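>>> have a look; sequence and predicted model below, questions after that.
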Amino acid sequence: MFSLSYAALVAIAAWALYRISCIGRRPKNFPPGPPTIPVLGNLHLMPASDPHVKFEEWAKKYGPVYSLMLGTKTMVVLSKDTAVKDLLDKKGAIYSSRPDLYIGQTLASGGQRMLMMRYGPEWRIRRSSHNALHIKQAVKYIPYQELESKQLIYDMMQAPSNLKEHYRRFASSLITSVVFGFRWKTFEERGLQHFFHLFDKFVALNKTGGAAFPDFFPILRYLPSWLSAAQRVASEHHKEEMEMFKGHWMTAKHKIQNKTLSAQSCAAGDLLQMQQEEGFSDEFAAYQTGTFFEAGSDTTSSELYAFAQAMVLYPEVQRRAQAELDSIVGDNRYPNMEDMPSLPYIRACIKETLRWMPTGTLGAAPHATTEDDYYQGYFIPRDSAVVLNVWAINRDSERHPNPARFEPERYLGDDLSAMDSAGHPDPTKRDHFTFGAGRRVCVGMHVAERSMFLAIATTLWAFDITPKKDSDGRPVLPKQDVFEQGFVTLPKVFEAEIKPRSEKRAAYIKEEWEQAKRGLDGEGQYLVNPI
């Protein structure tokens, strides 16, 4: 009896060891990838910084569709436009979910952050995002964009060394106007500082190994909170973040209900109507609008900061863009949205900025499969994370010769909007992949395109952007493709000289802002909403 029990125990132990040794292995029918080691798979190879560089390197070695084994999970990386079209677009029904992100979504977001939400009934409410930001709705927000661009240019003239902060205020004020019906007077306002503080905490939390390991080894989720600092911090973060998001949502909701804020003037009005139809909670609505706030604040400002860096590094582009503006707009007024069709080189600058420095080098967040699938003879299992390698595709020399150079000329003749280009049947003719793909494509691209047009056009109309000079009078150039580490790609802080192109234009900038301020109260809010 003892010998039988002993034999059984040995067999069970051997089976358990075998099963454990299989963790992290790549089955033969999976897409190829880097060599694995037991249990960890490829986790030991994952870079601590600049993951887009390593992911692009692996794509060149293992092909445009390769896999990474991350503990118990599989990640498939797409580094070719045709693969993105075939899977994320054409098979969107099974490629539109998200991985189960325990720290970032379940704990830190209460399961309600739209960016990370898995495919299901709640995520389908995302159509409210389309209702609020689709092309016809986006057009009505132009008065907000025009006012914010006027303050942006004025602020840049007054304090040119604070360029990054000016872009952040511009983008944040615009998105809260669009979503909640209020704006930010300065970047230093406590509420705006609190938002960026919380966002930076969320990014830092999700970058830690403690955040990732419960996803790769789900058994770790059952550790008591006193053994897992990441879990404890995530839960505390959610409470603080919910308080902020819900405060903005409830303020807008009450104003709309009390008719002190027009439901037609902001996206909160559309969401309130949908809440009445669908019956979802205020907490859910708070995270829906909070997601808008996050996405609009950091992505647009980062792209504009990258554009300014490109102007320092590629002065010939700046000169050509200014010549086009001078020929169409002249020096007696700002460019406006009606000028957009007549400024093809400025439009090309927008597309090139988005291609040259995507805000999400590996996409905003991974997709995930909801069913098993096969592609080019390879097996892609259900619940695989699927990463859109935006950096590799945008910098693909077959798509874009000399991809590291900032060359707007490559887009002259491309008159498609970002949305139309994203839906192009030929993926090789899509402009860039910075707005994502499939059913998770960015719904705010219409607003983002118009905001970038006004900011870029007015900046180049108003200023010359040149390198700072050292004590010997030599130009100090920023380093290209050196980024801050986080969810959103951002160039490392750099310095530039920003000077009005003429005294006449400097006077016009001041005059236009003084006139615009007459429509605002002492707190910088609209006396009469322009929408």
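Perfect, thanks for sending it.

>>> quick check: Lys207 vs Val179, distance?
27 Å (C-beta to C-beta, to the nearest Å). Yep, even glycine has a C-beta here, placed from its N, CA and C like the rest.

>>> more neighbours: those two, which one.
Val179 (27 against 15; other C-beta atoms under 10 Å).

>>> element containing that one, please.
Here Val179, judged by DSSP states H and E, is contained in helix 163-180.

>>> which residues are in contact with Lys253?
Neighbour list for Lys253: Ala268, Leu272, Asp282, Ala285 [criterion: C-beta atoms under 8 Å, 6 or more residues apart in numbering].

>>> if you could redo that for Thr299, that was the one I meant.
Thr299 is in contact with Ala171, Thr359, Ala448, Val488, counting by C-beta under 8 Å, 6+ apart.

>>> give me the neighbour count for the first one.
It refers to Ala171. 28.

>>> could I get the contacting residues of it?
Gly296, Ser297, Asp298, Thr299, Thr300, Ser301, Leu304, Ser451.

>>> residue boundaries of the strands in the stretch 351-500 of the chain?
367-368, 373-375, 378-380, 385-388, 463-469, 475-476, 483-484, 490-491, 496-500 (DSSP state E, counting those that start in this stretch).

>>> check those strands for me and report the most buried one.
Of the strands of the stretch 351-500 of the chain, the one with the most neighbours on average (mean count of other C-beta atoms under 10 Å) is strand 367-368, at a mean of 26.

>>> mean confidence score for that one?
The average of the pLDDT scores along strand 367-368 is 96.

>>> leaving out sequence neighbours, find the closest residue to Ser265.
Nearest residue to Ser265, sequence neighbours excluded (C-beta to C-beta, 6 or more residues apart in numbering): Ile531, at 4.2 Å.

>>> repeat for Lys201
Leaving aside its sequence neighbours, Lys201 sits nearest to His237 (C-beta to C-beta, 6+ apart; 6.0 Å).

>>> out of the strands of the stretch 351-500 of the chain, the one nearest Phe213 is which?
strand 385-388 (14.7 Å; C-beta to C-beta).

>>> other SSEs contacting the closest one?
Using 3 or more C-beta pairs under 8 Å, 6 or more residues apart in numbering; DSSP states H and E, the elements in contact with strand 385-388 are strand 73-78, strand 367-368.

>>> surely Met242 is in contact with Gly110?
Yes - contact criterion C-beta atoms under 8 Å: Met242 and Gly110 qualify, at 6.5 Å.

>>> need the overlap of contacts for these two.
By C-beta under 8 Å, 6+ apart, the residues touching both Met242 and Gly110 are Glu283, Tyr287.

>>> how far off centre is stretch 301-309?
Relative to its chain's centre, stretch 301-309 lies at 13 Å (C-alpha atoms, centre = their mean, to the nearest Å).

>>> same check, this time on stretch 41-60
That offset, for stretch 41-60, works out to 20 Å (C-alpha atoms, centre = their mean).

>>> could I get the contacting residues of Ala258?
Ala isn't right for residue 258; it's Asn. For Asn258, counting by C-beta under 8 Å, 6+ apart, there are no contacting residues.

>>> what about it, distance to Trp249?
Counting by C-beta to C-beta - Asn258 and Trp249 are separated by 15 Å.

>>> coming back round to it: what's the burial count for the residue nearest to Ser265?
15.

>>> likewise for Trp58?
Neighbour tally, Trp58, other C-beta under 10 Å: 22.

>>> quick one: it is in a helix?
Yes - judged by DSSP: H, G, I helix; E, B strand; the rest coil, Trp58 forms part of a helix.

>>> right, and it touches Ser67 too?
No - using C-beta under 8 Å, Trp58 makes no contact with Ser67, being 10.0 Å away.

>>> can you work out which residues contact both of these two?
Overlap of the contact sets of Trp58 and Ser67 (by C-beta under 8 Å, 6+ apart) consists of Gly33, Val77.

>>> which residues of the stretch 51-200 of the chain fall in strands?
Under DSSP E, counting those that start in this stretch, the stretch 51-200 of the chain gives strands at 65-70, 73-78.

>>> and these as TSV, adding distance to Thr434 and mean neighbour count?
What follows is the strands of the stretch 51-200 of the chain, written out as TSV (distance: least, C-beta to C-beta, whole Å; neighbours: other C-beta atoms under 10 Å):
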stretch	distance to Thr434	mean neighbour count
strand 65-70	20	24
strand 73-78	15	25
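
>>> what sits against the spatially closest residue to Thr186 that is not a sequence neighbour?
Closest residue to Thr186 apart from its sequence neighbours, by C-beta to C-beta, 6+ apart: Arg169 at 6.6 Å. Residues in contact with Arg169, defined by C-beta under 8 Å, 6+ apart, are Gln151, Leu152, Asp155, Trp184, Thr186, Phe187, Leu192.
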